[in-house]
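> sequence-free structure coming up:
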């Protein structure tokens, strides 16, 4: 069985972790499959992604048994080379960053355990919708190591420094309600898969150029660029959109639907 399946329907990419017998724990084969899925979606006509996991949990983290092969190897030679992401990531970091870099929105539907590598994979999404039973943890400290799959890029953008430190230092799981209060998840829903799909359908129905532009502009604003630079980027991106004849046709059509009082 494949570790990951990808199905594209109505411009929505459904990407599913399918190693349910192992709680979708990440081994070398799944790492390669997750990265390949991200690349497949990037090359498709998808407008939005729903990322989920089969079985009892989204992802239980790294398959520790699969790491035994690293014993006795030159770990620095494995981890330090920038082999992915146009020279910015190693393959473990690419698991989350391939989704973070994607030009279209990514929605993660979470349930059960979201630990370690699973947590960092979920952080690569734009939006995270969690079932009430979801448990999330930055698990690496349990093994005497630090988060190293993109978490140190992504977590500081979501939570306060004290929350980041508590999650990292303790490796303690938090429930969905606490995760929502801290900003780790966007919302809690009884059926995260259905909620994610409903949201994806809304996004897929919007102008694809505008959605891609919005994601790019938000990402730039989050880099800490100066107000002046962000304002300039706003204008540049908007001018590019308004310069497209098809975009003006959309605006004109939408304007025609409004009551006369707004005209």
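Good, I have the coordinates. Small disclaimer: the values here were computed from a predicted structure and weren't measured.
> what are the contacting residues of stretch 4-20?
Residues from elsewhere that reach stretch 4-20, judged by C-beta atoms under 8 Å, 6 or more residues apart in numbering: 1-3, 24-25, 27, 30, 33-34, 36-38, 40-41, 44-56, 58-59, 197, 200-201, 204, 208. The C-beta positions use only the backbone N, C-alpha and C, and glycine is treated the same way.
> for the chain, give me the ranges with low pLDDT.
Low-confidence regions of the chain, defined by pLDDT under 70, span residues 66-72, 246-263.
> please repeat the previous calculation with a cut-off of 50.
Low-confidence segments of the chain (pLDDT under 50): 261-262.
> quick one: end-to-end distance for stretch 153-173.
From its first residue to its last, stretch 153-173 covers 20 Å (C-alpha to C-alpha, to the nearest Å).
> in that stretch, which of the residues would be classed as buried?
Within stretch 153-173, the residues scored as buried using 16 or more other C-beta atoms under 10 Å are 153, 154, 155, 158, 159, 163, 164, 167, 168, 171, 173.
> now those residues as a markdown table including secondary structure and distance to residue 109?
As requested, the buried residues of stretch 153-173 are exported to a markdown table (DSSP: H, G, I helix; E, B strand; the rest coil; distance: C-beta to C-beta, whole Å):
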| residue | secondary structure | distance to residue 109 |
| --- | --- | --- |
| 153 | helix | 22 |
| 154 | helix | 18 |
| 155 | helix | 20 |
| 158 | coil | 17 |
| 159 | coil | 20 |
| 163 | helix | 23 |
| 164 | helix | 24 |
| 167 | helix | 21 |
| 168 | helix | 25 |
| 171 | coil | 24 |
| 173 | coil | 19 |
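> what two of those residues have the greatest distance between them?
153 and 173 (22.0 Å; C-beta to C-beta).
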